[in-house]
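>>> Have a look at this prediction, sequence included:
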Amino acid sequence: MERVEKLAEQIFEDYKDYGVDRKEIVEKLRKLLIEFRVPENEALRTIRNYIIREYGAPATIRREKITKIEEIKEPNKWVTVKAKAIQLWESSSPSIAQVGLIGDETGYIRFLVWTKAKKPPVEEGKSYIFRNVVVDDFGGVLRLNVTKISEIEEIDEDIKVKPPEDVSEEVEVVGALVAIQQNSGLIQRCGVEGCNRVIKMGKCPEHGKTKPNDDLRIKGVLDDGYRTYEVIINEEGVKALTDIDLEKAKKIAEETLDRNAVLIELKKMLLGKYLRVVGTATPRYLIARHVELFRPDIRKEIEKVRTLLEEV
Amino acid sequence: MTTVFLKREVARRVFAKELVSSTYTIRDESEKSPLYVLTPLGLKCNRVFIIGVLTEKEERGEDGNIYRIRVIDQTGSFIGYVGKYQPEAYEALEDIDTLTLVALTAKVRVFEGETGKFVTLRPETISIADPESRDYWVMETAVQTLERIREMEKGESETAKLAMEVYNTNLEEYKRVVKEAVERVMEDYGEFDVEEEMLEEEEDEELELDEDEDLSFEEEEIDLTELLKD
Ligand SMILES: [Zn+2]
């Protein structure tokens, strides 16, 4: 019921300047959607055509206030953006149909399409108008949610996207390592020249079964209480933190007859620890160039608290 | 399970006093929003990171497959339940004795009992911590708590307004709690002048303040099947 109301509101907003009657739209929509069980996009099209016919509204009308990605700064806002699909990522949950990154000439933002929204899939490299998507905040990172009442329209225009090197930045982050992902520790990478992809279930996603190389790394979550960073720490970093290098890791695996023992050991040593990471923050990852166990200067922190105490 | 960022909620820094006083829960407008608790200082949270002392660890449940733990910080105590459904935390906890400094990342749960709602934790990770990290945790939690107090004073944000409406929060009391927490740490760093200065200020205030309000709450027997829910 509430959805009919919402959809009607959307149409009403579009055509209110043409003397459209809100109640009439609601009734018509209700009939189409609830009585006749017409698909939503068909129902919307029908209503639009009706309005064009009956009220003499132009066929091309769009409320179309396009928001630039850099202008999206807070959650719980409904926006329409024109953007190119830059990258699609693996969805982690059946309730999410697609997840990835879109960009326009001003910046990038994560987006996700809920399965329930029942939208045709977005393709990498194509440009779209995402209408009525809602901004939310997950782990301090803003995302665009494509829900049932959103629309995705493919457009011919090839949107110029801000170059990625302008988006990644050098950062220093101090935070608690609150999670280490399963694909960390002693991992295997594809041995095909230039591939280096991580082997999953014994196979390279590109080359299938190949001769793998061992590697040591941590994929984890760094959290400073304000936002989270998905951090990637390479062998050198792991060694700096734990004194375990690739050779040692292999030895642990051999002795315990369990490659997973390395991961267990890393978790034991590092979960809940404050780390200081200097590295490159891309829209998705924080890639650690330098990492160390954080040694806080408590006196400095006390100063910070005192200043704030005076302010409040 | 691999793409962590999808569902990753920030682990907030909150003192026990603030979290345990929370009784109000909210969801976002967006689909699939998790349930958050709204604290008296207007923080919406469903995950926390805490460093404190593990003071109790009891086996509960029919076959003892759930630990009930108590972790105390500078302001009060957190109660948590760790079941075998959180294997990482459960196994780590088996090797940790009480009266140990621990760091934990935990989901926040609100149980509705007959005497009202109360907050418990469902730890995801638990590990042994060192005093230096604990001190840092107290400081960063103090900073973030004071920032929330400032937001409450401004009263502009939606959550601040709502928190004031729901709890009629006594901000002075929270300032005092932060001060006291920080002072306890400062003693170790020889910041005596600061300490005295603060204590003086506090004496003036003491007359106005009520007796320490009930930091503890009547804990009821929890339906342990709740723990199976994600
Ligand atoms: Zn390969």
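Alright, I've got the coordinates. Numbers count the residues shown, from 1 in each chain, chains lettered A, B, ... in the order given.

>>> What's the local residue count around A:Glu42?
12 (other Cβ atoms under 10 Å in any protein chain shown). Just so you know, the C-beta spots here come from the backbone N, C-alpha and C atoms, and that holds for glycine as well.

>>> what separates it from B:Phe49, distance-wise?
Computed with Cβ to Cβ, to the nearest Å, the distance linking A:Glu42 and B:Phe49 is 49 Å.

>>> quick one: secondary structure of B:Glu187?
helix (DSSP: H, G, I helix; E, B strand; the rest coil).

>>> again with A:Val122
Reduced to three states by three-state DSSP, A:Val122 is coil.

>>> swap in A:Arg37?
A:Arg37 - assigned by three-state DSSP - is coil.

>>> Can you report how many residues neighbour it?
Residues near A:Arg37, counting by other Cβ under 10 Å, number 8.

>>> any idea how far A:Thr106 is from it?
For A:Arg37, the distance to A:Thr106 - Cβ to Cβ - is 41 Å.

>>> Same check on B:Leu104?
Counting by Cβ to Cβ - B:Leu104 and A:Thr106 are separated by 40 Å.

>>> Would you mind telling me which of those two has more residues around it?
B:Leu104 (29 against 16).

>>> Which residue, other than its chain neighbours, is closest to whichever residue of the stretch 151-300 of chain A sits closest to chain B?
Residue nearest to chain B within the stretch 151-300 of chain A: A:Gly272 (3.1 Å; Cβ to the nearest Cβ). Distances taken as Cβ to Cβ, 6 or more residues apart in numbering or on different chains put B:Ala103 closest to A:Gly272, at 3.1 Å, once the chain neighbours are dropped.

>>> doesn't that neighbour fall inside a strand?
Yes - B:Ala103 forms part of a strand when assessed by three-state DSSP.

>>> thinking it is in contact with B:Pro123, fair?
No - counting by Cβ atoms under 8 Å, B:Ala103 stays clear of B:Pro123, with 10.1 Å between them.

>>> tally of neighbours for A:Ala249?
26.

>>> Quickly note the distance from the residue nearest to A:Gly272 to A:Ser168.
B:Ala103 is 30 Å from A:Ser168, by Cβ to Cβ.

>>> Comparing those two, which residue is more hemmed in?
The neighbour count for B:Ala103 versus A:Ser168, taken as other Cβ under 10 Å, is higher for B:Ala103 (25 against 17).

>>> ok, now which ones touch the more buried one?
The contact partners of B:Ala103, taken as Cβ atoms under 8 Å, 6 or more residues apart in numbering or on different chains, are A:176, A:271-273, B:49-51, B:125-129, B:133, B:137.

>>> Break chain A down into its domains, please.
Per automatic domain parsing, the structural domains of chain A span A:2-55, A:69-163, A:169-187+A:215-298.

>>> Please dump those into a markdown table; it should also carry distance to B:Gly64 and mean pLDDT for every row.
Shown next, in a markdown table, are these (distance: least, Cβ to Cβ, whole Å; pLDDT from 0 to 100):
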| stretch | distance to B:Gly64 | mean pLDDT |
| --- | --- | --- |
| domain A:2-55 | 47 | 85 |
| domain A:69-163 | 33 | 88 |
| domain A:169-187+A:215-298 | 24 | 94 |
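
>>> Show me the shaky parts of chain B.
Within chain B, the segments meeting pLDDT under 70 span B:1-7, B:30-32, B:190-230.

>>> go with 90
Regions of chain B meeting the criterion pLDDT under 90 cover residues B:1-9, B:27-34, B:60-65, B:84-88, B:111-118, B:157, B:184-230.

>>> what sits opposite the residue in it positioned nearest to chain A in the beta ladder?
Nearest to chain A, among the residues of chain B, is B:Ala103, at 3.1 Å (Cβ to the nearest Cβ). Following DSSP bridges, B:Ala103 is listed with bridge partners B:Ile51, B:Ser127.

>>> which residues touch the residue of the stretch 151-300 of chain A closest to chain B?
Contacts of A:Gly272 by Cβ under 8 Å, 6+ apart are A:176-178, B:49, B:51, B:102-105, B:125-127, B:129.

>>> which element follows the biggest helix by length in chain B toward the C-terminus?
Scanning chain B for the longest helix, with DSSP state H as the assignment, gives helix B:131-154. Later in the chain than helix B:131-154, the nearest helix or strand by DSSP states H and E is helix B:158-167.

>>> element containing B:Tyr67, please.
Assigned by DSSP H and E, B:Tyr67 falls in strand B:66-72.

>>> With A:Val238 instead?
Counting by DSSP H and E, A:Val238 is part of helix A:235-242.

>>> go on, A:Asn132?
In this assignment (DSSP H and E), A:Asn132 forms part of strand A:127-138.

>>> by contact count, what packs against that strand?
Packing partners of strand A:127-138 (3 or more Cβ pairs under 8 Å, 6 or more residues apart in numbering or on different chains; DSSP states H and E): strand A:78-89, strand A:141-146, strand A:151-155.

>>> anything in the next helix or strand after the last one near chain B?
Okay, so that is strand A:151-155. Later in the chain than strand A:151-155, the nearest helix or strand by DSSP H and E is strand A:169-180. Yes - using Cβ under 8 Å from any Cβ of the partner chain, strand A:169-180 reaches chain B at A:Ala176, A:Val178, A:Ala179.

>>> Many thanks, we can stop here.
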